[in-house]
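In: Attaching a predicted model along with its sequence, questions to come.
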Amino acid sequence: PYWYDPDMKEKRKHRKTHGMISFKELTGIISANWAKVDKETKDYVTIISELGRKRYKDKMNLFNASQKIIQLKKEHAEADTGKK
């Protein structure tokens with residue numbers, strides 16, 4: 001659980017690889033196959049990707065706005081408490 005912490009004291013345990021294919025090889029295969037895909041398929045996948053990106057961006061904007069409202073309410077409540 002602490003492998004992502006740059007200040008951690010213990011190292012992450014080594015995980016044994018399955019030995020079937022390396023990440024580099026997998027990337028090369030995916031890249032080669034993507035280069036062979038017809039234009040219609042690439043266009044379709046690009047449209048789907050753009051829709052997903054837009055949906056993510058909209059959700060993040062909504063989340064950030066809600067967090068800002070929560071923060072403003074906290075600040076307002078603290079200011080009201082300080083006036084009493």
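Out: Ah, there it is. Predicted, not measured: the structure shown is a model, and the values here were computed from it.
In: Going by C-alpha atoms from here, please, whenever you check contacts or count neighbours.
Out: Fine.
In: Give the rounded mean pLDDT of stretch 55-62.
Out: Looking at stretch 55-62 alone, the average pLDDT works out to 95.
In: Could you give the separation of that stretch from the chain centroid?
Out: Stretch 55-62 has its C-alpha centroid displaced from the chain centroid by 12 Å (Cα atoms, centre = their mean, to the nearest Å).
In: Next, the buried residues of that stretch.
Out: Residues of stretch 55-62 classed as buried under the neighbour-count rule (16 or more other Cα atoms under 10 Å) do not occur.
In: Same check on stretch 19-30?
Out: Residues of stretch 19-30 classed as buried: none (neighbour count, 16+ other Cα under 10 Å).
In: Using CSV, write out every CA atom in that stretch.
Out: What follows is stretch 19-30 as a C-alpha-only set of coordinates in CSV (Å, rounded to 0.1, in the frame of the first residue of the first chain):
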residue,chain,number,x,y,z
GLY,A,19,7.5,-14.6,-18.5
MET,A,20,5.1,-14.7,-21.5
ILE,A,21,5.6,-11.2,-22.8
SER,A,22,7.3,-8.0,-21.6
PHE,A,23,5.5,-4.7,-21.5
LYS,A,24,7.8,-3.4,-24.2
GLU,A,25,6.9,-6.3,-26.5
LEU,A,26,3.2,-5.8,-25.8
THR,A,27,3.4,-2.1,-26.6
GLY,A,28,5.1,-3.0,-29.9
ILE,A,29,2.4,-5.5,-30.9
ILE,A,30,-0.4,-3.0,-30.0
